[in-house]
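Visitor: return a 3D structure for these sequence lines:
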Amino acid sequence: MMIDRDGIALPGTPERQLLDELRPDRMPRHVAIIMDGNGRWAKARNLSRIQGHRAGAQAVRTTLETVSRLDIEAITLYAFSTENWKRPKLEIRALWGLLKEFIDSQLDTFKKNNLRFGTIGDLERLDPSVRKYLDRARQATRDCTGTLVKIALNYSGRHELSRVLREAVANAGQGRLKPDEIDEDWINRHLDTAGTPDPDLLIRTSGEQRVSNFLLWQIAYSEIYFTEVLWPDFGVTELLEAIQSYQQRNRRFGGLDPENLTGTEPHGGTSV
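Guide: Numbering: from 1, shown residues only. From the prediction side, this is the model:
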């Protein structure tokens with residue numbers, strides 16, 4: 001893995017020290033982020049929620065540029081959940097406007113950084129003009145070979161699993177699928193994230209400690225990192241700190257610690 005260290009942080013800076021402490025051989029392949037705290041960030045500054053979302057878009061730009069230089073394979077950003085339709089209509093319209101603006105302003109940057117754009121979620125409810133922008137971004141970056149950027153829009157983990165279940169039942173009812181063929185591999189191939197490795201690291205900002213219906217199947221073995229930092233303040237330092245925390249954890253996937261092969265747990269309990 002080739003990390004563009006000078007592109008991420010200048011020598012002698014705290015960010016560079018964090019970066020130099022990371023192990024390139026233990027980088028997460030896929031990072032997922034629940035971007036939370038735009039509204040609280042704005043409220044603390046007597047700004048509108050829309051201004052908070054605009055500041056959050058800058059954090060997205062910084063994060064994407066950083067993961068591309070870290071040579072991370074994929075990143076998935078939770079931008080709009082199915083529950084977010086409950087927000088005021090004015091705010092929702094502004095969010096879609098910001099998304100269009102983001103694509104317009106960042107498409108060249110995507111291509112420059114070799115970022116491939118994609119989405120997950122049910123896009124049918126989105127306005128045709130929004131879907132047009134999303135299609136344009138996908139087409140413009142389809143030949144890029146760097147980090148895969150997936151934006152979760154009108155996404156719900158439960159909805160995704162329900163859809164896969166309905167698909168399995170329909171296929172079985174038409175004789176195209178046997179019940180014993182419905183295994184984890186079949187489900188993985190029919191999820192919105194098919195073809196992408198499950199997240200190694202899930203980050204949630206703003207101090208909330210829940211997964212909020214995000215990638216429920218895919219995060220079964222993800223390392224979860226919670227930070228008090230509000231999303232607009234989440235920058236290079238915060239991302240590197242999250243990755244550093246990830247690298248310090250012992251990922252056993254239900255097995256034994258390689259350094260503890262006697263079959264006993266250090267604290268007398270079982271571990272997953």
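Visitor: residue ranges with poor pLDDT in the protein?
Guide: 1, 253-272 (pLDDT under 70).
Visitor: all strands for it, in order.
Guide: Taking DSSP state E to define them, one finds strands in the chain at 30-34, 74-81, 116-120, 148-155, 201-204, 223-226.
Visitor: how about the ones you listed in JSON lines, adding mean neighbour count?
Guide: C-beta here means a position set from N, CA and C on the backbone, and glycine is covered the same way. As requested, the strands of the chain are exported to JSON lines (neighbours: other Cβ atoms under 10 Å):
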{"stretch": "strand 30-34", "mean neighbour count": "26"}
{"stretch": "strand 74-81", "mean neighbour count": "23"}
{"stretch": "strand 116-120", "mean neighbour count": "21"}
{"stretch": "strand 148-155", "mean neighbour count": "23"}
{"stretch": "strand 201-204", "mean neighbour count": "26"}
{"stretch": "strand 223-226", "mean neighbour count": "18"}
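Visitor: out of those strands, flag the one nearest residue 64.
Guide: Using Cβ to Cβ as the measure, strand 148-155 is the one of the strands of the chain that comes nearest residue 64, at 6.1 Å.
Visitor: tell me which strands the closest one pairs with, and in which orientation.
Guide: Strand partners for strand 148-155, identified by DSSP bridges, are recorded as strand 74-81 (parallel), strand 116-120 (parallel).
Visitor: so which of the ones you listed comes closest to residue 244?
Guide: Counting by Cβ to Cβ, residue 244 lies closest to strand 74-81 out of the strands paired with strand 148-155; the figure is 17.0 Å.
Visitor: which residues does the closest one contact?
Guide: Contacts with strand 74-81, where a contact means Cβ atoms under 8 Å, 6 or more residues apart in numbering, come from 29-35, 60, 63-64, 67, 95, 99, 120-121, 147-156, 193, 196-197, 199, 212-215.
Visitor: count the residues that sit near the closest residue to residue 101 other than its chain neighbours.
Guide: Nearest residue to residue 101, sequence neighbours excluded (Cβ to Cβ, 6 or more residues apart in numbering): residue 57, at 7.8 Å. Look at residue 57: counted by other Cβ atoms under 10 Å, it has 19 neighbours.
Visitor: pretty sure residue 57 sits against residue 95.
Guide: No. Counting by Cβ atoms under 8 Å, residue 57 does not reach residue 95; the two are 10.0 Å apart.
Visitor: need the contact list for residue 134.
Guide: In this structure, residue 134 makes contact with 103, 119, 123, 126, 153, judged by Cβ under 8 Å, 6+ apart.
Visitor: and residue 76, what are its bridge partners?
Guide: With DSSP bridges applied, the residues forming beta bridges to residue 76 are residue 32, residue 150.
Visitor: can you tell me how far it is from residue 20?
Guide: Counting by Cβ to Cβ, to the nearest Å, the gap between residue 76 and residue 20 amounts to 27 Å.
Visitor: am I right that residue 59 is in contact with residue 234?
Guide: Yes. Look at residue 59 against residue 234 with Cβ under 8 Å: they come within range, at 5.0 Å.
Visitor: give me the common contacts of the two.
Guide: When contacts are counted by Cβ under 8 Å, 6+ apart, residue 59 and residue 234 are jointly contacted by residue 35.
Visitor: could you give the angle of the lengthiest helix in the chain to strand 148-155?
Guide: Ordering each helix of the chain by length in residues (DSSP state H) puts helix 89-112 first. With axes from the mean of the first three to the mean of the last three Cα atoms, to 10 degrees defining the directions, helix 89-112 sits at 170 degrees from strand 148-155.
Visitor: just the buried positions in helix 89-112, please.
Guide: Applying a neighbour-count criterion of 16 or more other Cβ atoms under 10 Å, one finds 94, 95, 96, 98, 99, 100, 102, 103, 106, 107, 110, 111 buried in helix 89-112.
Visitor: for the third one, give its distance to residue 65.
Guide: As judged by Cβ to Cβ, residue 96 and residue 65 stand 23 Å apart.
Visitor: ditto for the fifth one
Guide: According to Cβ to Cβ, residue 99 and residue 65 sit 18 Å apart.
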